[in-house]
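Colleague: Okay, sequence plus prediction incoming.
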Number of protein chains: 2
Amino acid sequence: MNYSKTYLKIINTAYKLIAENGYDKTSINNIVKEAGISKGGLYHYFKSKEELFIKVVEYIFQSFDFINIFNSSTITIDNYMDKLKNIGKMFSLIDAQDENYFKFQNEFMIQALRDENIKGILTEIYNEFMPMIENLFLHLKNIGVSLREKNIKTLSEKVFVFLDGLMIYKGFGISLDCEKLWNSFLEDLII
Amino acid sequence: MNYSKTYLKIINTAYKLIAENGYDKTSINNIVKEAGISKGGLYHYFKSKEELFIKVVEYIFQSFDFINIFNSSTITIDNYMDKLKNIGKMFSLIDAQDENYFKFQNEFMIQALRDENIKGILTEIYNEFMPMIENLFLHLKNIGVSLREKNIKTLSEKVFVFLDGLMIYKGFGISLDCEKLWNSFLEDLII
DNA sequence: GTCTATACAAAGATAGAC
DNA sequence: GTCTATCTTTGTATAGAC
C-alpha cells in the first residue's frame, strides 16, 4: 500500500496515544493536536474514530509475523527445546523494538469487548493463531516428544492462556521475567 | 456497615453497567436512569464518578474470600491434589453466582492502568494474593510434594499468570473449560 | 435525602473556504 | 488535501427548592 505522509502520521500518533492512555481517553482533539494537523484533515482520511482505530489495528498487526514464530517445519527432536524457548524471547525482542506494542494489544482486546467490528478482527487473529499452536504440538508429538498432556487441543489452549497471560502482564507494565516463566512453563509440559 | 437502600441501589447498578459496558462507556446519566433515581441523589452519596467506582470495587472485593481458597492449613499429602483442583472449581462457582464478576474484575484492572487511586487498590490485592500462593507451595514442598520448578517464587508467578489468564478469558466471555485447563496445568507442576 | 434545572467543558462530527 | 468555524450531543458536576 502507498500511504501518504499525513495518513501515516495520524496512524502512528493514534497508535502511540491509544497505547499510552487507552481508546476512550484518547480524543480526536488529542490526536490532531499531537500530530500537528487539523480535525478536518483527519476526517478527510477517516470517517470516524472507530474506523481510525480499526485501521491502526490492521496496520500494526500486518507487521507482526505470527507464522514465522510458530513455524514447525524446521523443528527436530534435537532442536525443539531451543525453538520453543525462542517463543519466550519474542517478549524481550518486541519490547526492545516497540515499547507500546503490548499496551496497544491490551487496548485492542478491551475494545473488542465493546465493539462488534473490532471483535471481528480479534476473532480472525484467534482463528489464525490457535491452529498454529495446535500444529506445532502435533508436530512435536509426531517427532517423538513426550508431552504430559495427551490431548492436543487442551494442551494448545493451556499454552494460549499462559502466553496471553504473559502478554497482558507486559501490557500492564508489571515487571515479570517472561522469558524465565515461559521456560519453566515449557519444561513442565514435557516428560 | 449499614448502607441505605438508595446507596446500595447505586452501587449495584454501577457494578452491573460497568461490568457490561466498561467504565468509560458507563455515564452517570446511564446509572441514574437505570437505578431510577436522580443525578442530585447520586451526588449526595458520591462526590465524583471516580469515588463511586472505588466504592463499588471495595464493596465487591470485600465479599470475596481469597484467604479461604488458598488456605494451606488443612492440606496433607493425601488430599493436596483435590484441594488444588478446588481452586479451579471456583471459576464455575463464581460464574453461577454472579455472571458479571469476571467482567467487572477485568474493568477494574483496566482502570487501574489509568488511575493512580484505583491502581493502589489493585496493588493491595496483589500484595495479599501473591504471598498466599507462595505459602501454599512452600507448604506443599514441606509436606513432601515433588514440584518440578524448585524456585517457589518462579513457581508462584507462573501459577499467578495462568490463573489470571483464565480469569481474563472468563471476563472476555471466551468459552474455555477453565476447570479442565487448570487441572492439566496442575498435573504438569508435579513430578 | 431526593428532586429539577442548569452550568460548563469536551466529545465526535460536518460545512465550506482556500 | 488541509484549514477554520461551527453544530450537536453528551459528559461531569453543582445550586437550590422541597
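Modeller: Noted; the coordinates are in hand.
Colleague: For residue A:76, pull up the helix or strand it's in.
Modeller: Residue A:76 is located outside every helix and strand, with elements delineated by DSSP states H and E.
Colleague: got the domain boundaries for chain A?
Modeller: Following automatic domain parsing, one gets these domains for chain A: A:5-48, A:64-189.
Colleague: Mean pLDDT and distance to chain B added to those, as JSON lines?
Modeller: Backbone N, C-alpha and C define where each C-beta goes, glycine included. Putting these into JSON lines (pLDDT from 0 to 100; distance: least, Cβ to the nearest Cβ, whole Å) gives the following:
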{"stretch": "domain A:5-48", "mean pLDDT": "98", "distance to chain B": "4"}
{"stretch": "domain A:64-189", "mean pLDDT": "94", "distance to chain B": "3"}
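Colleague: So which residue is dead centre in chain A?
Modeller: The centroid of chain A falls nearest to residue A:105 when counting by Cα atoms, centre = their mean (5.6 Å).
Colleague: Quick one: residues contacting that residue.
Modeller: Residue A:105 is in contact with A:167, A:171, counting by Cβ atoms under 8 Å, 6 or more residues apart in numbering or on different chains.
Colleague: Helices along chain A, start to end?
Modeller: Ranges of helices within chain A are A:5-21, A:28-35, A:39-45, A:49-62, A:66-69, A:80-97, A:101-112, A:116-142, A:152-171, A:178-189, based on DSSP state H.
Colleague: So for residue B:129, which of the ones you listed sits nearest?
Modeller: Closest to residue B:129 of the helices of chain A is helix A:152-171 (Cβ to Cβ; 13.9 Å).
Colleague: Give me the buried positions along that closest one.
Modeller: Going by neighbour count (16 or more other Cβ atoms under 10 Å in any protein chain shown), the buried part of helix A:152-171 is A:152, A:154-171.
Colleague: Can you spell out which helices and strands pack onto it?
Modeller: helix A:80-97, helix A:101-112, helix A:116-142, helix A:178-189, helix B:152-171, helix B:178-189 (3 or more Cβ pairs under 8 Å, 6 or more residues apart in numbering or on different chains; DSSP states H and E).
Colleague: Could you dump the ones you listed into JSON lines and include distance to DNA strand C?
Modeller: Putting those into JSON lines (distance: least, Cβ to the nearest atom of the strand, whole Å) gives the following:
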{"stretch": "helix A:80-97", "distance to DNA strand C": "28"}
{"stretch": "helix A:101-112", "distance to DNA strand C": "12"}
{"stretch": "helix A:116-142", "distance to DNA strand C": "12"}
{"stretch": "helix A:178-189", "distance to DNA strand C": "33"}
{"stretch": "helix B:152-171", "distance to DNA strand C": "24"}
{"stretch": "helix B:178-189", "distance to DNA strand C": "35"}
